[in-house]
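Trainee: This is a predicted model, with the sequence first.
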Amino acid sequence: MKCQPMSMRYPQRIKCLLPSTKSEDKTVRVFTSNCGIQDHDVIYQAMDLCDNYGLDTIAVGKTIATGMKLCQQGFIKPDDLEGVPLEFGNANGLLEWVRKIAYGEGLGAIMALGSKHLADTFGAVKLSMTAKKEKRSASNAGGSHDQDSELTTVIDSAGLCLFSSSALELSDYTELVNAVTGFNYTDEEMLTCGERILNNEQLYNSRGENRYAL
């Protein structure tokens, strides 16, 4: 499949915070296949929320999906949910968990640290949605980001395909960037670059300056 965005216009009944017409196939799949959401209007609304909060859509989708598995198998108890459903196919619950992750509310604070941390917290590490040693986790809207979000930003800023992360590690990207630029970044410095970019994106979004972005 060619790596390119697809576009669509939202129905007027969808009240998104920001208009957005582009999505990635992998992002759509994580909300449909992993979270059981079949309503594409809801999926695009969730994507808009992630964009507004400065969250990685794929990471958020995988983390919520992990939470759904933990609930389904009884690791997460009803009292942990504070009345918000966390189950496959529940559209309203999905949107509310995106918000709770962004603001670090209740269980959302644990989910904001990623699927691995979430699964570890409830003693079910095998249920976490991870690839190799990477965390497939969400960034925090308050400015704290996990390693996967920072790495994703580095890959994107370097003009590389995000799908390459299924085969490459952080050290591989560091080596590639150093080879092209002549710099001598360490892995830690590369992640710091990603963190700075994310912080600038969130600051830009918080000012509402992307209101008319498509």
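Mentor: Thanks, I have it.

Trainee: How about residue 120, nearest residue that isn't a chain neighbour?
Mentor: residue 128 (7.3 Å; C-beta to C-beta, 6 or more residues apart in numbering). C-betas here are computed from N, CA, C, even on glycine.

Trainee: In contact with the one you found, which residues?
Mentor: 66, 114-116, 118-120, 136 (C-beta atoms under 8 Å, 6 or more residues apart in numbering).

Trainee: Swap in 6 Å and give it another go.
Mentor: Contacts for residue 128 were tallied using C-beta atoms under 6 Å, 6 or more residues apart in numbering; they are 66, 115-116, 119.

Trainee: any idea which of these is closest to residue 201?
Mentor: Distance to residue 201, by C-beta to C-beta, is smallest for residue 115 among the contacts of residue 128, at 22.1 Å.

Trainee: Give me the neighbour count for the closest residue to the closest one other than its chain neighbours.
Mentor: Computed as C-beta to C-beta, 6+ apart, the closest residue to residue 115 that is not its neighbour in sequence is residue 66, at 3.9 Å. When neighbours are defined as other C-beta atoms under 10 Å, residue 66 has 27 of them.

Trainee: I'd like the distance between residue 66 and residue 149.
Mentor: Distance, residue 66 to residue 149, by C-beta to C-beta, to the nearest Å: 16 Å.

Trainee: what does residue 91 give?
Mentor: The gap separating residue 91 from residue 149 is 24 Å, by C-beta to C-beta.

Trainee: quick one, which of those two is more surrounded?
Mentor: residue 149 (27 against 19).

Trainee: Residue 56 is in contact with the more buried one, correct?
Mentor: Yes: contact criterion C-beta atoms under 6 Å: residue 149 and residue 56 qualify, at 4.8 Å.

Trainee: Residue 74 - how many residues pack around it?
Mentor: Counted by other C-beta under 10 Å, the residues lying close to residue 74 total 9.

Trainee: Using the three-state scheme, assign the residue nearest to residue 115.
Mentor: helix (DSSP: H, G, I helix; E, B strand; the rest coil).

Trainee: what sits against it?
Mentor: Counting by C-beta under 6 Å, 6+ apart, residue 66 has contacts 115, 118-119, 128-129.

Trainee: Can you give me the pLDDT of it?
Mentor: The per-residue pLDDT reported for residue 66 equals 93.

Trainee: And residue 28, by the same measure?
Mentor: With respect to pLDDT, residue 28 has a value of 83.

Trainee: And stretch 38-50, what's buried?
Mentor: Of the residues in stretch 38-50, 42-50 count as buried by neighbour count, 16 or more other C-beta atoms under 10 Å.
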